[in-house]
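Participant: Following is a predicted model, sequence given first.
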Amino acid sequence: MTQRIRIFIVEDDPMVADILKRFVSTMKNFVVVGCSNNGEKALKDLQKTPVDLVFLDIFMPEMDGLQLLKELRSREVPVDVIVISAAQEPDTINQVIRSGAFDYIIKPFLFERLKASLETYEEYRKKLLSGKEVVSQEEVDRLLILRRAKSANCLPKGLNISTLKKVENLLEESPTPLSAEETARAIGISRVTARRYLEYLVDQGKAVVERNYGEIGRPINTYSSIK
């Protein structure tokens, strides 16, 4: 059984905190293990509570989220952070990124955006914690590409996160490489649309393409997942 990813919410608005809790409850492999409404209390809690991922607001009493993030890093508390905040100042966002946040989501946010971030984080952890003693440069490159993966809001026009996940899952589960036509039949979309999703996965470093030459006709591109 896969161990669920433990989330701690740091948010001073009770309504937003409740929304985040209820949203996490809809995600299969995630669970909320704690919540705090100010930075100082959160810092104490996070040093004694086993946590994988923190949802962090910026504007809070006693200690703001930016200072909390810096304290977590200086004390080497082993947690990842997704900032969820209304703060839009470039300097604030720059400091958050420099402090190693996994993602930055601006309020008000779309649930699809947060879902995409959590799914990316889950995949990132799965690949990083695969049990290998060492990793190759190629595997490091894939992890970095994954961290830079575009969110649902940044997908090319005409693509959506739901269909993208279907195509991605299909490639992962297929024992052999698939063509755009085979993908289209399996998902229920057009061949042209299937090719767009497949090429997007190649661009994101999640799939590879091979050109196959048959006896007659034009070569056929087939795609397989990078697992």
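Facilitator: Arrived safely. Numbering: from 1, shown residues only.
Participant: Flag the shaky bits of the chain, pLDDT-wise.
Facilitator: For the chain, residues meeting the criterion pLDDT under 70 lie at 1-2, 131, 142, 144-155, 213-217, 227.
Participant: Would it be right to say that T26 lies in a helix?
Facilitator: No. Using DSSP: H, G, I helix; E, B strand; the rest coil, the secondary structure at T26 is coil, not a helix.
Participant: For it, the count of nearby residues, please.
Facilitator: For T26, the neighbour count with other Cβ atoms under 10 Å is 9. Using the backbone N, CA and C atoms, a C-beta is placed for each residue, glycine as well.
Participant: And it, how close does it get to V16?
Facilitator: Separation of T26 from V16 (Cβ to Cβ, to the nearest Å) stands at 16 Å.
Participant: Have a look at this protein and report its longest helix.
Facilitator: In the chain, with assignment by DSSP state H, the single longest helix is helix 111-128.
Participant: Touching, S179 and N221? I think so.
Facilitator: Yes. The criterion here is Cβ atoms under 8 Å, and S179 meets it with N221 at 6.8 Å.
Participant: Around K132, how many other residues sit close by?
Facilitator: Other residues lying near K132 total 10 when counted by other Cβ under 10 Å.
Participant: Could you do the one 3 residues further on as well?
Facilitator: For V135, the number of neighbouring residues by other Cβ under 10 Å comes to 14.
Participant: Begin at 31 from now on, thanks
Facilitator: OK, 31 is where the count begins now, so the last one is V165.
Participant: quick one: it is in a strand?
Facilitator: No. Read with three-state DSSP, V165 is coil and lies in no strand.
Participant: so L200 touches G218, yeah?
Facilitator: No. Here L200 lies out of contact with G218, judged by Cβ under 8 Å, at a distance of 11.2 Å.
Participant: more neighbours, these two?
Facilitator: When neighbours are counted by other Cβ under 10 Å, L200 comes out ahead of the other of L200 and G218, with 19 against 9.
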